[in-house]
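Peer 1: Structure for this input, please:
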Amino acid sequence: MNESGNITGFIDGTSAEKAIFFVGIGGIGMSAIARYFHSKGIPVFGYDKTESALTKQLIKEGIQITYSDEVSAIPSNIGLVVYTPAIKENMVLDYFRSHNYQVVKRSDVLQAISATSFNICVGGTHGKTTISAMIAHILRHSGFGCNAFLGGIASNYGTNFWSSANDVCVIEADEYDRSFLKLSPDIAIISAMDADHLDIYGDEATMQQAFVDFGNKIKEGGMLVAKFGLKKISEIEAINKISYSLGNEAATVFASSIKIVEGGYQFDVFFQNKIIPNVSLKVGGMHNVENAVAAIIVANELKIDTEKIRDAVAGFNGVKRRFEYIIPMKEGNAGGYIYPVFIDDYAHHPEELKMLLKSARTLFPQRKITVIFQPHLFTRTTDFRNEFAASLSLADAILLLPIYPAREQPIEGVTSKIIFDKIDTDNKLMVTKEGLLDWAKEEAKKRDKDFGEVIITAGAGDIDALVLPLKEIFQQAIN
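Peer 2: Numbering: from 1, shown residues only. Next comes the predicted model:
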């Protein structure tokens with residue numbers, strides 16, 4: 001193994017003459033670390049199976065990427081190879097392993113980067129991307145400063161990574177492959193522990209134990225911030241525990257006096273010894289008020305001025321594909337609203353879907369809600385078929401795309417139809433991607449243009465590639 005390829009050498013600059021190669025660089029977590037090393041002036045190369053908006057942006061920033069698995073495309077000066085566990089069998093990865101390169105997981109690199117820093121680590125089966133982005137934004141906006149490693153693109157900055165002279169890291173702590181157990185939090189946030197990634201954990205109890213283990217990684221004198229009511233939090237040994245909630249006064253910190261204002265919210269945050277009144281959040285989704293409470297707790301713990309916290313939250317523009325308004329609500333000439341509101345969201349777990357649809361219903365109680373959902377992974381689809389159907393049934397109309405396989409091979413008998421058959425409404429349709437666009441063109445011709453519905457695209461696969469074509473179809477119907 002090449003000693004000049006050790007991770008620490010790339011972090012401290014002693015291996016600067018060597019390059020780093022990322023296998024699966026188009027992954028959201030991988031790209032953040034690639035950007036970190038690129039910002040330090042280290043040559044960064046990468047491979048991904050397909051081109052995406054993110055890989056195109058990385059290339060614009062000066063990172064070289066290949067979509068070919070031919071080994072001839074691999075540079076000769078590679079000192080370290082980083083891969084994501086989402087990559088299974090791959091010729092590029094096999095080449096590096098068989099030729100004695102140092103090959104490490106993404107989690108190993110994050111562990112090394114954060115070994116000596118003050119770490120704010122945000123975990124949870126859902127909510128972690130928005131909470132980590134909110135925290136990082138508050139720290140940046142207020143002048144406190146941080147190094148941010150996010151699992152989504154922060155809309156304020158158009159990136160999932162930024163650096164600061166302040167040696168504080170905000171890290172989205174990924175439970176997949178138990179990656180978060182390599183982190184050492186000073187502050188840990190746990191937003192949810194719903195059953196997921198059963199292909200890794202086997203059952204819900206084992207997965208929840210991993211979150212307990214994550215909580216027990218908190219450094220001495222550190223703090224745990226956990227959503228009120230989560231199971232097994234009592235098993236975490238941290239002395240300083242704070243619970244947060246959307247409106248439950250039994251929590252240590254909670255939101256109150258919540259008002260809907262122009263597709264966003266205004267609310268007060270109650271601590272045990274203080275109140276932060278009139279907090280404005282322009283991001284949709286009631287669950288994001290709860291996410292904001294968690295972020296505000298962290299900022300308060302870091303002694304950031306209350307007015308700076310309030311200003312930062314008011315200026316937070318959200319995260320791409322997290323209740324993202326593609327076509328926002330606009331007032332129409334007849335006192336109604338121009339059709340339609342179009343929202344895109346990354347929701348790929350039944351609980352996320354349920355929160356997404358309930359939030360849309362709260363914001364737009366008089367509108368028809370149509371959800372277009374792309375299931376993600378064969379294992380997740382079969383494990384949660386009943387839960388997916390129940391969540392989707394909250395919508396007025398459902399369009400279901402084929403399963404996005406990601407890293408998995410097909411499972412016999414597992415298709416979107418196993419969800420479709422259990423959805424409790426007749427207003428449902430199974431469509432291909434091409435069929436979806438045909439549906440949109442036909443539906444757009446006959447819609448009421450003054451007061452229309454809410455259309456939501458949801459899923460963690462490649463459904464995002466359909467967002468722009470759908471937007472264009474809907475906007476043409478308005479004009």
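Peer 1: From here on, just use CA atoms for contacts and neighbour counts.
Peer 2: Fine.
Peer 1: Skip the chain neighbours and tell me the closest residue to residue 367.
Peer 2: Nearest non-adjacent residue to residue 367, counting by Cα to Cα, 6 or more residues apart in numbering: residue 453, 5.0 Å away.
Peer 1: The one you found contacts residue 341, doesn't it?
Peer 2: Yes. Counting by Cα atoms under 8 Å, residue 341 is a contact partner of residue 453 at 6.5 Å.
Peer 1: so how far is residue 174 from the residue nearest to residue 367?
Peer 2: As defined by Cα to Cα, to the nearest Å, residue 453 lies at a distance of 35 Å from residue 174.
Peer 1: Low-confidence ranges, the stretch 201-350 of the chain, go.
Peer 2: Scanning the stretch 201-350 of the chain for pLDDT under 70 picks out 330-339.
Peer 1: what about the helices in the stretch 201-350 of the chain?
Peer 2: 204-215, 286-301, 306-314, 350-363 (DSSP state H, counting those that start in this stretch).
Peer 1: In the last one, which residues are buried?
Peer 2: What it means is helix 350-363. 350-361, 363 (16 or more other Cα atoms under 10 Å).
Peer 1: Check the third one too.
Peer 2: Of the residues in helix 306-314, those scored as buried under the neighbour-count criterion (16+ other Cα under 10 Å) are 308, 309, 310, 311, 312, 313, 314.
Peer 1: Quick one: those as a markdown table, columns for distance to residue 286 too.
Peer 2: A markdown table is the format used below for these (distance: Cα to Cα, whole Å):
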| residue | distance to residue 286 |
| --- | --- |
| 308 | 23 |
| 309 | 19 |
| 310 | 18 |
| 311 | 20 |
| 312 | 18 |
| 313 | 15 |
| 314 | 15 |
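Peer 1: Tell me the span between the first and last residue of stretch 154-172.
Peer 2: Its first and final residues considered, stretch 154-172 spans 13 Å by Cα to Cα.
Peer 1: now that stretch: how far from the chain's centre is it?
Peer 2: The chain centre lies 14 Å from the centre of stretch 154-172; the measure is Cα atoms, centre = their mean, to the nearest Å.
Peer 1: For the host helix or strand of residue 399, which strands pair with it and how are they oriented?
Peer 2: Residue 399 is part of strand 397-400 when elements are defined by DSSP states H and E. Strand pairing for strand 397-400, using DSSP bridges, gives strand 369-373 (parallel), strand 428-430 (parallel).
Peer 1: Adding distance to residue 77, mean neighbour count and mean pLDDT, write those strands out as a markdown table.
Peer 2: Shown next, in a markdown table, are the strands paired with strand 397-400 (distance: least, Cα to Cα, whole Å; neighbours: other Cα atoms under 10 Å; pLDDT from 0 to 100):
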| stretch | distance to residue 77 | mean neighbour count | mean pLDDT |
| --- | --- | --- | --- |
| strand 369-373 | 43 | 24 | 96 |
| strand 428-430 | 49 | 17 | 96 |
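Peer 1: sorry, back to before: wait, which of the buried residues of helix 350-363 is closest to residue 155?
Peer 2: residue 356 (18.9 Å; Cα to Cα).
Peer 1: Can you tell me how far the spatially closest residue to the closest one that is not a sequence neighbour is from residue 45?
Peer 2: Of all residues not flanking residue 356 in the chain, residue 285 sits nearest, at 6.7 Å (Cα to Cα, 6+ apart). According to Cα to Cα, residue 285 and residue 45 sit 38 Å apart.
Peer 1: Skip the chain neighbours and tell me the closest residue to the residue nearest the centre of the chain.
Peer 2: For the chain, the residue nearest the mean C-alpha position is residue 129 (3.9 Å; Cα atoms, centre = their mean). Once flanking residues are discounted, residue 129 sits nearest to residue 151: 5.4 Å by Cα to Cα, 6+ apart.
Peer 1: Just give the number of residues close to that neighbour.
Peer 2: Counted with other Cα atoms under 10 Å, the neighbours of residue 151 add up to 25.
Peer 1: Test my guess that it contacts residue 172.
Peer 2: Yes. Applying Cα under 8 Å as the test, residue 151 and residue 172 come out as touching, 6.1 Å apart.
Peer 1: got any residues that touch both of the two?
Peer 2: Taking Cα atoms under 8 Å, 6 or more residues apart in numbering as the contact rule, residue 151 and residue 172 both touch residue 129.
Peer 1: Now do the contacts for residue 105.
Peer 2: Contacts for residue 105 (Cα under 8 Å, 6+ apart) come out as 82, 83, 84, 85.
Peer 1: In JSON lines, list those residues along with neighbour count.
Peer 2: Formatted as JSON lines, those follow (neighbours: other Cα atoms under 10 Å):
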{"residue": "82", "neighbour count": "25"}
{"residue": "83", "neighbour count": "24"}
{"residue": "84", "neighbour count": "18"}
{"residue": "85", "neighbour count": "16"}
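Peer 1: which one of the residues you listed sits closest to residue 469?
Peer 2: For these, the nearest to residue 469 is residue 84 (30.2 Å; Cα to Cα).
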